[in-house]
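Engineer: output the structure for:
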Amino acid sequence: MTINEKIQFYRKKLGLSQEELGQKLLVSRQTVSLWENGQTAPTIDNLMRLKEIFGVSLDELLGCETASELELSPNESYKSGFVKEEFAEIYKSTISRTFTFQLKVILALIFFLLECLWLDINDVVLGIVSGVLGIYILQSVITYYKTKKAWKAEVIKSEQCQFEYNVYDDHFIVNIIRDDETILSERVKFSDIKKSVDTGKRLILTTNTRVFALDKVCLMSNSAFYRIVHDSSGSAKIVSNKLSFAADFFFVLSIVLGVALFGALGLDSWFLFLGLPIPIFCTVLGFVIKKRGANGFKNIFVGLLCTLILLCGGLRVLLIGYTPADFDAFEFVCEATGISFPERISQNTFNNDADEYGEDDVGFIYSVTEAVFEETSADFFENDIAYDPRWVTTVDEKLNGLVSMVENYNPNTSADRILVYNEYLPGYNIMPEEEGTYFFYVLLYYENINSLEIFECAYDVN
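Structural biologist: Residues are numbered from 1 along each chain as shown. Below you'll find the model as predicted:
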């Protein structure tokens, strides 16, 4: 019987419930249940209490190897102990690494939040993202300190022990010895090792429930511990700290790059090709560490996804050309002049193609934005512009050519108010004195239909 089966056997033999046994051990009923289901193992101190409660020796509680295994000599044998300082080093190499993923998630959420702020996303979305980020950070901090506290307690118990490893063909047996008495013996298959880290001085091997630290100085050069993760040929490799750090770094960098370039350039720029090496290298690192036995899925998934996004964006430019982002003339004029426009019922922008309306010998209309305002709001707007000197009913004769050019776009109507703006001139409704080609915004307002037209045009001053 295994140790979990023996705990259940002796408990029932004494007629104790899981809760009653837990009370004697000062642990919860759930903890006893986890022991009996084989999901966790009792600590050294709990094993000592269990043998006293059950009235059996540790050998009886833990069980011994079969006779055939006892007769079989191990291929390798090592014995080691650790002082407090060495446990601190192991802690940094194992427990701290547990929180690497949480850190990556936090960084990704932070960059996503910054992206939302940059793009002026809805406040509800910002609130949700901020809440998730805050809760996740709080949970990670609490888990970190709980784990750190539990690790320190384990250090106090384990630094008084010796660890004896007997290695066989496909497994090893670790005996934990305190005061010359074996207080715990565990059989571990090499195939049960889920993760391995080479710190330079030690191999850190992790199963679902245990962590084993082996001093590399003591290991033979062809030690079976170097076969910690099996491939089809039975060989294995170790993921070094540097390789693992590089994989994590390029994982985060790929996410940041994807969010930054997507937000800054959209999906219409050949500059996206310049970012391809980073997600490609992230993908390659994913396959490398996967081959070496570690989990490289996240690098492969993120790397391939970012590569596909950047590649599609860049190829789109080559195949169908560049599509400029939508330009809101109202927003630009509002920011440039400080004019507040009323609520719009509709708005349409027409980009001018060559040889269409508005092109003549002295100027060219690039685009026209038409908007119809809500009637009540339009009444307030008309009252405001009636007392705004920038809005005129007739323009200086020097501007007649420019205004005539834009009015020809809609020759059947006449504007009630006109405003001509150039960001490099000191005022409004002014034509430059020097010759050259100038860029203007011409605003025409029609009171009877509550409509405004904004013309973006170039005009030659002779």
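Engineer: and residue 388, what helix or strand is that in?
Structural biologist: Taking DSSP states H and E as the definition, residue 388 sits outside all helices and strands.
Engineer: how near is it to residue 409?
Structural biologist: Computed as CB to CB, to the nearest Å, the residue 388 to residue 409 distance reads 24 Å. Yep, even glycine has a C-beta here, placed from its N, CA and C like the rest.
Engineer: please say which of these two ends up with more neighbours.
Structural biologist: Per other CB atoms under 10 Å, whichever of residue 388 and residue 409 has more neighbours is residue 409, with 17 against 13.
Engineer: separation between the more buried one and residue 329?
Structural biologist: In terms of CB to CB, residue 409 sits 14 Å off from residue 329.
Engineer: how about residues contacting stretch 423-433?
Structural biologist: With contact meaning CB atoms under 8 Å, 6 or more residues apart in numbering, stretch 423-433 is reached by 336-337, 390, 392, 395-396, 398-399, 402, 418-422, 438, 461.
Engineer: just the buried ones from the residues you listed?
Structural biologist: By neighbour count, with 16 or more other CB atoms under 10 Å, the contacts of stretch 423-433 hold 390, 392, 395, 399, 402, 418, 419, 420, 421, 422, 438, 461 as buried.
Engineer: those in strands, which ones?
Structural biologist: 418, 419, 420, 421, 438, 461 (DSSP state E).
Engineer: how about those in CSV, adding pLDDT?
Structural biologist: Shown next, in CSV, are these (pLDDT from 0 to 100):
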residue, pLDDT
418, 93
419, 94
420, 93
421, 92
438, 88
461, 85
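Engineer: and those residues, which is closest to residue 13?
Structural biologist: residue 421 (94.2 Å; CB to CB).
Engineer: for that closest one, give me its contacts.
Structural biologist: Counting by CB under 8 Å, 6+ apart, residue 421 has contacts 333, 336, 337, 428, 440, 441, 442, 443.
Engineer: also residue 161?
Structural biologist: 44, 81, 176, 177, 178, 183.
Engineer: what do you get if the cut-off is 6 Å, keeping everything else the same?
Structural biologist: 176, 178 (CB atoms under 6 Å, 6 or more residues apart in numbering).
Engineer: and the gap between residue 380 and residue 343?
Structural biologist: Counting by CB to CB - residue 380 and residue 343 are separated by 10 Å.
Engineer: find me the pLDDT at residue 188, would you?
Structural biologist: Listed pLDDT for residue 188 reads 81.
Engineer: and it, that's in a strand?
Structural biologist: Yes. The assignment for residue 188 (DSSP: H, G, I helix; E, B strand; the rest coil) places it in a strand.
Engineer: counting neighbours, what do you get for it?
Structural biologist: Residues near residue 188, counting by other CB under 10 Å: 16.
Engineer: so who does it touch?
Structural biologist: Contacts of residue 188 (CB under 6 Å, 6+ apart): residue 172.
Engineer: what bridges to it?
Structural biologist: As for beta bridges, residue 188 partners with residue 172 under DSSP bridges.
Engineer: residue contacts, the nearest residue to residue 394 once chain neighbours are set aside?
Structural biologist: If the residues on either side of it in the chain are set aside, residue 394 comes closest to residue 418, at 7.7 Å by CB to CB, 6 or more residues apart in numbering. Counting by CB under 6 Å, 6+ apart, residue 418 makes contact with 392, 395, 444.
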